[in-house]
Structure formats: C-alpha cells, structure tokens
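Novice: Need coordinates for the following:
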Amino acid sequence: MKFLSSPLLSACGLALALAATTASAQVPIKMVLNWKYEGAQAWFFLAQDKGYFKEEGLDVTIDQGEGSAASIPKVAAGAYQAGFGDMNALIDLASKRPADAPVGVYMLYNTPPFALVVKSDSPIKTPKDLEGKTVGGPANDGALKLFPAFAKIAKIDASKVTITNMAPNLREQMLVRGQIDAGFGYVTTVSFSAKGMGLDPAKDLRFIRYGDHGMDLYSNTVFFARSFVKENPKAVQGFVKALNRAVKEVIANPEAGMDAVMKREPLLKREVEKEKLLATLKNDMSHPEIARIGLGDVDDARLTKNITIVVEANQLPRAPETKEVFDRSFMPARAERPSTTSAP
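Specialist: As a prediction, this is how the structure comes out:
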C-alpha cells in the first residue's frame, strides 16, 4: 500500500511533533502551600491559571498545606520540589541539617505576623504576664515554633508557661471558652477565624505582636529543595519570574486573584477571602524595606540578625550564613519587582 504525503498532512505532523516536544520539555514542580486554600495565596493560583508557569516551561501542581512550619520538612524529605512557609523554620533546619534544608528564593511575608492573642478583657497585658498561664496553638504554627526565641527576648520564664496543642479550627473557640488563656497565631489568620465565629477582632481580642518586642523577623518565603535548585536553576528562575508577574497583577487587580482562588475552593466566602488577601498585602507584605530593595528580596543585615535570634534562642548547633537560607539570584531585576503592595 502506498501513502501519499501532502502539505496539510506534513504541517499537521509538524504541529503534533512540536506539541509533543513542548509537553515533554516541561519541568514538573510539585509545590506545597503554607495552609488550606485561601485568598492570601491568590498569586500562585493566578500564575497557574493564566499559564505563566507554562510559559516558563513548567508543569506546576499546588497542594494545600498544614502550617507554615510544616511545609519545610515536606520539601526537605523530597515529597515536594517547592514550598511556601516560615523562614525561621527553614533556618532551624539549615542549622541542624544543612545538606537537607531548602533554600528561600522569593520573600513574600517580610513583616512579622507572629503574635499571641488574648481576649480584650484578659489580665495578660505584657509578655511577662504569660507566666502561670496556658497558651495554645496548632502544633505547626509559626508563632508557637518561635516562642522559645520570643520568651528569651521578652524575658519570659518559659518553664512557667503551659503549652497545649489543638486543631487549628479550635484555637479561637478554646480562647473564647476560657480553655486557654492565650493563643499562638498569625494576626491575619486569627482575626479572620474570629470573624467567622461572629467576633469583632478589634473589640473582642488583643494581640501581643512579636515584632513589637524586638523580633523583627522575616516570615513566609517561597523556597525550593536544595538539590532541585542545583539541578534545575532555569526552572527556579522561571518559577520566580512567573510568580512575580502574578503578584504584580493581583496587587493591581485583587478581583482577578480572587477568581483564581474561588476556582480552587468554591465553598469559600469570596468577600471574606478578598478581605484576607488585602489584609495580608497591608499587614504582612508591606515592610518599609521593599521601597528600597523591592518585594521578594531580603535585607542581608536584617536576615543575619534574624538568624542570630533564632539560633541563640533555640540553642541551635550553628548559625547558617544568609546565602545558605536565601538565594536572590533567581529573582527578576529590581525594576521588575513591586516597590509597594498597595493597590494603585
């Protein structure tokens, strides 16, 4: 049997071949988030939905997380190539197991969100008042993980504080019922959980912020497995480029970000999640330094102090160098990154 070729068939064959080549060239990246799907993760979803990751040759899948500190060991263990989580937990692992620790590549939460929350009428007015009290939080909560460091800096006798764990959705309920005297958490997360219970955080709660007591720490960063960074530097650069593009778009148009969030979890209350997104931009991503260095980067002197605080307070075996925990070489140029997180 004889087959006749035609320009049309040749063109179709070429197109299929190119499509197959493009598909096979995509680098797979599994990413784990800091928490369940929520408004403050909008840029990750928008970059995925609008094809920004694919344009960089990446096939990105995004899973929900279980806490800002929990994502670090998941990436270190090889279950994921990328994650979004607490820089301080990353520093802890880098001190203990430098070969396994992931490396930060794009800092998002540059303002410390860590806090202790109490009821507005609580007798706990200062950090020292926590002595003799019961404080609770989810086991993987970033503020809980940092409490030893906070206790040292704020001169709290940690041996006189009782720590208890609970499921994340029970923290505010236990506080209101008096089952705990204070709770560990992020200001934005706790505020919106309280709102979901019908409380007014501004009237019913008070926050003791770590940042107000000498802990001007970085918080959640995007990070990659150390081995992946070494083997796929272009993929890391492409991921950061796509993410930065999406962050700028969400800042300019929060509704576009919310469209992407709601596709992931239609049962979420859109207006609540939008408010959470805007609060995160205002409270967690607005450190004055970004006007100088741009969103995504870190100040080396500040990060060095951050490392020192975490290492000394937790009596870690060594102080990692800044370049061990954060590599800025994958970021877009300064002019391409946001100087403010305020909507235009």
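
Novice: Every contact and neighbour count from this point should use C-alpha atoms.
Specialist: Will do.

Novice: What is the subsequent helix or strand relative to the helix or strand in which residue 104 is found?
Specialist: Residue 104 belongs to strand 103-107 when assigned by DSSP states H and E. Downstream of strand 103-107, the first helix or strand assigned by DSSP H and E is strand 114-119.

Novice: which parts of that following strand are buried?
Specialist: Neighbour-count burial for strand 114-119, counted by 16 or more other CA atoms under 10 Å, picks out 114-119.

Novice: Equivalent analysis for stretch 175-194, please.
Specialist: Across stretch 175-194, burial judged by 16+ other CA under 10 Å covers 175-176, 180-188, 190-194.

Novice: same thing with stretch 82-94?
Specialist: Judged by neighbour count using 16+ other CA under 10 Å, the buried positions of stretch 82-94 are 82-94.

Novice: just how off-centre is it within its chain?
Specialist: Relative to the centre of its chain, stretch 82-94 is centred 9 Å away, using CA atoms, centre = their mean, to the nearest Å.

Novice: average model confidence for that stretch?
Specialist: Averaging pLDDT along stretch 82-94 yields 96.

Novice: now stretch 159-176
Specialist: Per-residue scores along stretch 159-176 average to 96.

Novice: same check, this time on stretch 114-122
Specialist: Mean pLDDT, stretch 114-122: 97.

Novice: residues making contact with that stretch?
Specialist: By CA atoms under 8 Å, 6 or more residues apart in numbering, the surrounding residues in contact with stretch 114-122 are 124, 142-143, 175-176, 181-187, 190, 203-211.

Novice: got the CA coordinates for it in CSV?
Specialist: Extracted in CSV, the C-alpha atoms of stretch 114-122 (Å, rounded to 0.1, in the frame of the first residue of the first chain):
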residue,chain,number,x,y,z
PHE,A,114,3.6,36.2,64.7
ALA,A,115,1.5,37.0,67.7
LEU,A,116,-0.1,35.9,70.9
VAL,A,117,-3.9,36.6,71.0
VAL,A,118,-5.9,37.2,74.2
LYS,A,119,-9.4,38.3,74.9
SER,A,120,-9.8,42.0,75.2
ASP,A,121,-10.5,41.8,78.9
SER,A,122,-7.7,39.4,79.7
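
Novice: Is it correct that residue 304 falls within a strand?
Specialist: No: under the criterion used here (DSSP: H, G, I helix; E, B strand; the rest coil), residue 304 is helix, not part of a strand.

Novice: Against residue 325, how distant is it?
Specialist: 10 Å (CA to CA, to the nearest Å).

Novice: again, but for residue 76
Specialist: 13 Å.

Novice: Report the set of residues contacting both of those two.
Specialist: Common neighbours of residue 76 and residue 325, counting by CA under 8 Å, 6+ apart, are residue 102.

Novice: how about the helices in the stretch 151-300 of the chain?
Specialist: 171-177, 187-196, 201-204, 226-231, 233-252, 254-264, 270-283, 290-293, 300-313 (DSSP state H, counting those that start in this stretch).
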